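**Q** quick one: sequence and predicted model below, then my questions.
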Amino acid sequence: MSILEIHQIPVLSDNYVYLIEDKESGECAVVDPAVAEPVLDLLDARGMKLAYVLNTHHHGDHTGGNLALKAKTGCKIVGAGRDAARIPGIDIDVGEGDVFQLGHSQARVLEVPGHTSGHIAYWFKEARALFCGDTLFALGCGRLFEGSPAQMWASLSALRSLPGDTRVYCAHEYTQANARFALTVDPDNAALRARAHMVDQLRLKGKPTVPSTLAEECATNPFLRADDSDFCQALGMVQSDPVSVFAETRHRKDIF
Ligand code: ZN
Ligand code: FE
């Protein structure tokens, strides 16, 4: 039984960086270090040594701390082999189905293109934790900078099929704004309304709304509901295929 300890570090205006430790071995990794300083500070404070950076995709607000962390700690940088040219300092290429070992904890790599062409997610099955970068957000999904709606729908469908008690460690605190949009496309969804209220309460207290669980996302996230009949009804698209429903939802969010 592996135990994964997860430290959530809020940085920049709305990013989350995750410092994770396999408790049995003491081996540590950091997911998507936008900046290096707060990570180094936490490593120092807790007497931890960084072994790996795990990148989900190439954007600067996910890789900005790579080179400084590597220079200061000697850690190895793990990222998508498909996107190796755009991941600063990459040492270890991974792709679909690869297993990444952090001490006694294991993560499966899932290729989830759409936000960027080389986006990946790290799924720690035993720890019930998913690090999904900017693919799936609490109540939202990433913008389609480098992919098609069909690609993103396939990526989100793959994430959606993981166990419902999986915690979703996404890379941004966008939930409150996402909830406001979600209510415009799915106004009669009782679970969504209740969740939006919870999110407001948490933000009032300055608390994070991340992680959520995959089960919560399946019930309330409009971008996971493009094949749900109630959702299609709410959107006035009962005859449409899921990719078209997803594309329309994404379009409405883009202009919201
Ligand atoms: Zn991004
Ligand atoms: Fe981002």
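**A** Perfect, I can see it now. Numbers count the residues shown, from 1 in each chain. Ligands and ions are numbered 1, 2, ... in the order given.
**Q** chain center to the helix or strand bottoming out on mean pLDDT in the chain: distance?
**A** Across the helices and strands of the chain, mean pLDDT, DSSP states H and E gives its lowest value to helix 229-235, namely a mean of 95. Mean C-alpha position of helix 229-235 versus that of the full chain (C-alpha atoms, centre = their mean, to the nearest Å) differs by 26 Å.
**Q** again, but for stretch 193-201
**A** Its chain's C-alpha centre and that of stretch 193-201 lie 20 Å apart, by C-alpha atoms, centre = their mean.
**Q** which parts of it are buried?
**A** Residues of stretch 193-201 classed as buried by neighbour count (16 or more other C-beta atoms under 10 Å): 193, 195-196, 199. Quick note: C-beta positions are derived from backbone N, CA and C, even for glycine.
**Q** any chance of these in JSON lines, plus pLDDT?
**A** Rendered in JSON lines, the data for these read as follows (pLDDT from 0 to 100):
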{"residue": "193", "pLDDT": "98"}
{"residue": "195", "pLDDT": "98"}
{"residue": "196", "pLDDT": "98"}
{"residue": "199", "pLDDT": "98"}
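**Q** among the residues you listed, name the ones in strands.
**A** In strands, judged by DSSP state E, none of the buried residues of stretch 193-201 are found.
**Q** closest to ligand 1 out of those residues?
**A** residue 199 (21.4 Å; C-beta to the ion).
**Q** so that closest one touches residue 176, yeah?
**A** Yes: if you go by C-beta atoms under 8 Å, residue 199 and residue 176 touch, sitting 5.5 Å apart.
**Q** hang on, residue 132 in a strand?
**A** Yes: counting by DSSP: H, G, I helix; E, B strand; the rest coil, residue 132 is found in a strand.
**Q** and the nearest residue to it once chain neighbours are set aside, which helix or strand is it part of?
**A** Using C-beta to C-beta, 6 or more residues apart in numbering and skipping the chain neighbours, the partner closest in space to residue 132 is residue 121 (4.3 Å). For residue 121, the host element (DSSP states H and E) is strand 120-124.
**Q** that strand and ligand 1, any residue contact?
**A** No: in terms of C-beta under 5 Å from the ion, no part of strand 120-124 sits within range of ligand 1; the closest distance is 12.3 Å.
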